[in-house]
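In: Give me coordinates for this.
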Amino acid sequence: MLKMIVADDESLVREGICNILDWSIYGIEIVGEAANGEEALKLSREMHADILFTDVKMPVMDGLEAAQIIKEEQLDMKVIIFSGIQDFEYAKKAIKVNAEGYLIKHLEKQELIQAVKEVTRQIEIEKNRKEMMSKLKEQIKENRIAAEEKFLRNLLLEPLEEERKVVDKLAYFNFPFPLDSKFLVGILAIDDCTDNEILKEYERQLMAFSIKNVVEEVIQKTTKGVCVNISENEYAIIINCAGKEERAEKVFSCITFELARLLGISVSIGISSLKYGLEDMRSAYKEAASALQFKFYIGKKSFIKFSDINDKNDSMISFDLYRTESELIEAVKLGNVKQAEEINREIFAQLYKNQGKIEYVRNIGLEIVFTLSRMMNEFGKLMEDITDDKLTIFQKIQTFEDIFDLENYIKEIITSVADYFSKKFIAKNEKLVEDIKDYISKEYMNNINVSSIA
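Out: Numbers count the residues shown, from 1 in each chain. Sure thing, here's the model as predicted:
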C-alpha cells in the first residue's frame, strides 16, 4: 500500500478528504494528517510517505513551500496540491515544485479519482524503472568484475596488448599500476586443496569469495595491489612496490596469517623477483609459479621467494638408486621392517638433497611400489591383498603436495609388505620347530644328533 499524508488547516476538510474515497481501492493508505506544511513535512519524513495531498494556504508553512522543500531534499514522494483559489500564479508555482496535480476544491469526485490514478501510475512506473536500473547496475557491476579479472589474467598469462589499450584499461578499472611501475607477483595456493573436492559448489564459491575478500582487505590496509582468481585453488596477487620491496613481502606474510586466523586455511605463496614495467608481468608470474613448486620440498605453509631458489645448483647429486632399491627389496623379503624403513628414509633424504624435478621424485616412488608389486607376484600374492590397489597408489602419489607426505606414504606401503613377509617367515619357522620337536619325541631313544635332525 502507498502511504499518504493529508494536510489542511481545516479539520473538516481533512476529514472530508479522508472519507470521500475508499482509498484502499487505489492501493493507498492515509497514515497521517497535518494542519500546516511544517507538520506535513515532519510526518512525511517520519512515515516515509509516498504522497502528500496538501492545501496551498496554511499557517506556519503553506503547501507550496512544503512541496519546494520536498523537491530540494529529493524526498521520494509525489505532491498533489488542492486549493480553494483558482489562481494561475499558484498553478505555475505548483509546476515549478514538480507537483503532480493542482486541483480546485469542490471538484468532481471523478476528477479526483482520475488525479489519484495518475499519481499511483507514475509511482508504479518510477518504481519499475528504479528496479530495472538497480538490476542493470548489478549486471554492470558483475560484468565489470568479470572484465577486471579477465584483464588481470591476460596481463599475467598473455603477451601485453598495445600500450594505448593497456593504459585505457588501467584507467577504466582504476588499477594502481602505471606502465612503468615496480611490482611483485605472488601466487597463493591452498594447501591440501584435495579437501575442497568434498565441498558443495556453493561452499566452494563462498570459500573463494572469502579468501579473495581477506586478501584484498589486507592489501587495502597496507599497500596498493590487486588479487585475481587464477584457478579454483590458486590466486595471483600483484603488489605495487613504489616503496621498499621488503614491505611488499611483509604483505604476503600478513595475508597467510590472516587467512589462517579468520578462515582456518593453510596456504603457501611463491613470490617473483622485483619487476619494472607491466611488460614483465608474464615473467613475474612464471617466476612466482616456479617458486611455488618448491613447496614440494619445503612443505606446506611455505613462503618462497624466486630469488632464494634461483641460485640452486641444477646438477643432480648422483647416487646408486638401483643398488639402494635392491637393498630395500632384500630387506623387505627378509621381513626386516626396520631396515626397510631406514633404506626408504635414505632414498628420500637423497632426493630431498637433490631437489630435482617433482615428477622425477614421484616416479621414484612409483618405481619402488611397482618393484614391490613384482616381487609379491613371484610369491603368488597381490599388492591389493596387503595395501592399496595399484591405481589408488598411482593417484595418491600424483596428488601429494610435498615430499614428506610422499615419503610417509611409501613408508606405509613398505612397512605393510615387509610386515607380511616377517609374519610369513615366523609362521614357517614355527612349523619347522614343531617338526623338530615331533621328530625328537619319536626318536629320542635312538642315537640322534643335530646332523640327523637336520
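
In: Strands of this protein, residue ranges please.
Out: For the chain, the strands defined by DSSP state E occupy 2-7, 28-34, 51-55, 78-83, 101-104, 182-190, 225-231, 234-240, 267-271, 275-276, 303-305.

In: Can I get those strands in a markdown table including distance to Pro159?
Out: For glycine as for every other residue, the C-beta is placed from the backbone atoms N, C-alpha and C. Listed next are those as a markdown table, based on distance: least, Cβ to Cβ, whole Å:
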| stretch | distance to Pro159 |
| --- | --- |
| strand 2-7 | 58 |
| strand 28-34 | 63 |
| strand 51-55 | 60 |
| strand 78-83 | 57 |
| strand 101-104 | 64 |
| strand 182-190 | 16 |
| strand 225-231 | 17 |
| strand 234-240 | 17 |
| strand 267-271 | 22 |
| strand 275-276 | 16 |
| strand 303-305 | 26 |
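
In: which one of these lies closest to Lys411?
Out: strand 267-271 (23.4 Å; Cβ to Cβ).

In: what is the mean pLDDT for that closest one?
Out: In this model, strand 267-271 has an average pLDDT of 92.

In: between that strand and strand 234-240, how many degrees?
Out: If you take axes from the mean of the first three to the mean of the last three Cα atoms, to 10 degrees, strand 267-271 sits at 50 degrees to strand 234-240.

In: mind saving the C-alpha coords of strand 267-271 as CSV?
Out: Presented in CSV, the C-alpha positions along strand 267-271 are these (Å, rounded to 0.1, in the frame of the first residue of the first chain):
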residue,chain,number,x,y,z
VAL,A,267,48.3,-21.6,2.2
SER,A,268,51.7,-21.3,0.5
ILE,A,269,52.9,-18.4,-1.6
GLY,A,270,55.5,-18.3,-4.3
ILE,A,271,56.9,-14.8,-4.9
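
In: between the strands of the chain, which gets the lowest average pLDDT?
Out: Here the lowest mean pLDDT among those goes to strand 101-104, at a mean of 71.

In: Can you list the strands that that one pairs with?
Out: Using DSSP bridges, the strands paired with strand 101-104 in its sheet are strand 78-83 (parallel).

In: Figure out how far the partner strand is from the centre of its chain.
Out: A distance of 53 Å separates the centroid of the chain from that of strand 78-83, by Cα atoms, centre = their mean, to the nearest Å.

In: With stretch 223-236 instead?
Out: 9 Å.

In: Quick one: residues in contact with that stretch.
Out: The contact list for stretch 223-236 (Cβ atoms under 8 Å, 6 or more residues apart in numbering) reads 148-149, 152-153, 156, 175-177, 183, 185-190, 193, 196, 204, 208, 211-212, 215-216, 219, 237-240, 242-243, 247-248, 251, 285, 288.

In: Look at that stretch and report the distance between its end residues.
Out: Taking Cα to Cα, to the nearest Å, the first and last residues of stretch 223-236 lie 16 Å apart.

In: can you start the count at 9 instead of 1 from here on
Out: Okay, using 9 as the starting number, the last item reads as stretch 231-244.

In: Identify each buried residue in it, please.
Out: 231-238, 241-244 (16 or more other Cβ atoms under 10 Å).
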